[in-house]
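**Q** This is a predicted model, with the sequence first.
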Amino acid sequence: MAVRKIDIQQAVMAADMSYAKKIRDKLAEKGILMINLIGSPGSGKTTLLENTLGKDGLRSAVIEGDVATDRDAVRIDALGIPSIQINTEGGCHLEANWVDMTLEKLPLEDLDVIYIENVGNLVCPAEFDVGEDHKVAISSVPEGPDKPLKYPLLFTEASAVVLTKTDLSPYVSFDDDLFWSDVAKLNPKASTLRISCYRKEGLDEWSSLVRSWLEEKRRG
Ligand SMILES: Nc1nc2c(ncn2[C@@H]2O[C@H](COP(=O)(O)OP(=O)(O)OP(=O)(O)O)[C@@H](O)[C@H]2O)c(=O)[nH]1
Ligand SMILES: [Mg+2]
Ligand SMILES: [Zn+2]
């Protein structure tokens, strides 16, 4: 499958909430769930997708947001999963009008879930509604346990908080209790998951959560 790429001319693109509504309406009509994965560069977003897509019984596609390169879209494409790369050319988050343009290039009639892998950044992607049903905060063990309180907006907005690379805990003295108690202070209702893609731990729980969100959306 050839990877498709969209280059964004920054000056043309102003944040516009009406695009988020347009996306939500379109995806509601088609019964497609949209999940916005947000986390630091290297927190393990693409690896989580690689370890779950095509194995969870759902028909998925991925919109990849990066400043440059189509490397993540190529990784998803290698799984036989439709993927489109958006290059922001310096921009540090995705906006709804870009996502709207990209949706036209996806096979919407054949999808259950669209994942957005936002530009690696713990700060402003959380401020932008791109029409998703759920934001998911991805935080990895080597980043340290203090990230929720230092970057509170994402952890407050997220429907789920996913702690990745849990296999690295013994090597970096990660304080699990501190991390989760800070998450609970900010967002007691968030679903919480601990995942190691290297050890294949927590992946079924993640897929079950996605499936429950899809069923909830389709029930209306
Ligand atoms: N130890 C360990 N390393 C992991 C795990 N998951 C991912 N990694 C590694 O973390 C690095 C970054 O993973 P990616 O999935 O590319 O991270 P990303 O969040 O998609 O990165 P950007 O798209 O650049 O923001 C890679 O070297 C992965 O192999 C894990 O469960 N355990
Ligand atoms: Mg990635
Ligand atoms: Zn930004």
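**A** Sure, I can see it. In this text, all values refer to a predicted model and were calculated from it rather than measured experimentally. Ligands and ions are numbered 1, 2, ... in the order given.
**Q** Please make it C-alpha for all contacts and neighbour counts, starting now.
**A** Noted.
**Q** I138 should be in a helix, yeah?
**A** No. In this structure, I138 is strand, not part of a helix, as judged by DSSP: H, G, I helix; E, B strand; the rest coil.
**Q** what number of residues lie near it?
**A** A total of 23 residues lie near I138 under the criterion other C-alpha atoms under 10 Å.
**Q** Wait, it touches P41, no?
**A** No. The criterion here is C-alpha atoms under 8 Å, and I138 misses it with P41 at 10.1 Å.
**Q** how about the nearest residue to G39, chain neighbours excluded?
**A** Nearest non-adjacent residue to G39, counting by C-alpha to C-alpha, 6 or more residues apart in numbering: I138, 4.7 Å away.
**Q** Could you list which residues are in contact with the residue lying closest to S191 once chain neighbours are set aside?
**A** Leaving aside its sequence neighbours, S191 sits nearest to A160 (C-alpha to C-alpha, 6+ apart; 4.4 Å). Shown in contact with A160 (C-alpha atoms under 8 Å, 6 or more residues apart in numbering): 134-137, 190-193.
**Q** Which pLDDT value belongs to A160?
**A** With respect to pLDDT, A160 scores 99.
**Q** now G220
**A** So G220 comes in at 85 (pLDDT).
**Q** helix, strand or coil for the residue sitting nearest the centre point of the chain?
**A** With distances taken as C-alpha atoms, centre = their mean, L37 lies nearest the centre of the chain, 1.4 Å away. Three-state assignment for L37 (three-state DSSP): strand.
**Q** if I pick it, what's in contact with it?
**A** Each residue near L37 by C-alpha under 8 Å, 6+ apart is listed here: 45, 115-118, 135-138.
**Q** Quickly note the distance from it to ligand 3.
**A** For L37, the distance to ligand 3 (C-alpha to the ion, to the nearest Å) stands at 14 Å.
**Q** Return the residues in contact with the residue of the chain found nearest ligand 3.
**A** For the chain, the residue closest to ligand 3 is C92, as judged by C-alpha to the ion, at 3.7 Å. By C-alpha under 8 Å, 6+ apart, the contact set of C92 is 67, 119-121, 124-125.
**Q** Give me the buried entries from those residues.
**A** 67, 119-121, 125 (16 or more other C-alpha atoms under 10 Å).
**Q** Please list the residues of this protein that sit near ligand 3.
**A** Contact residues (C-alpha under 5 Å from the ion) of the chain with ligand 3: 92-93, 124.
**Q** I'd like these as TSV, with secondary structure and pLDDT appended.
**A** Shown next, in TSV, are the residues of the chain next to ligand 3 (DSSP: H, G, I helix; E, B strand; the rest coil; pLDDT from 0 to 100):
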residue	secondary structure	pLDDT
C92	coil	96
H93	coil	97
C124	helix	95
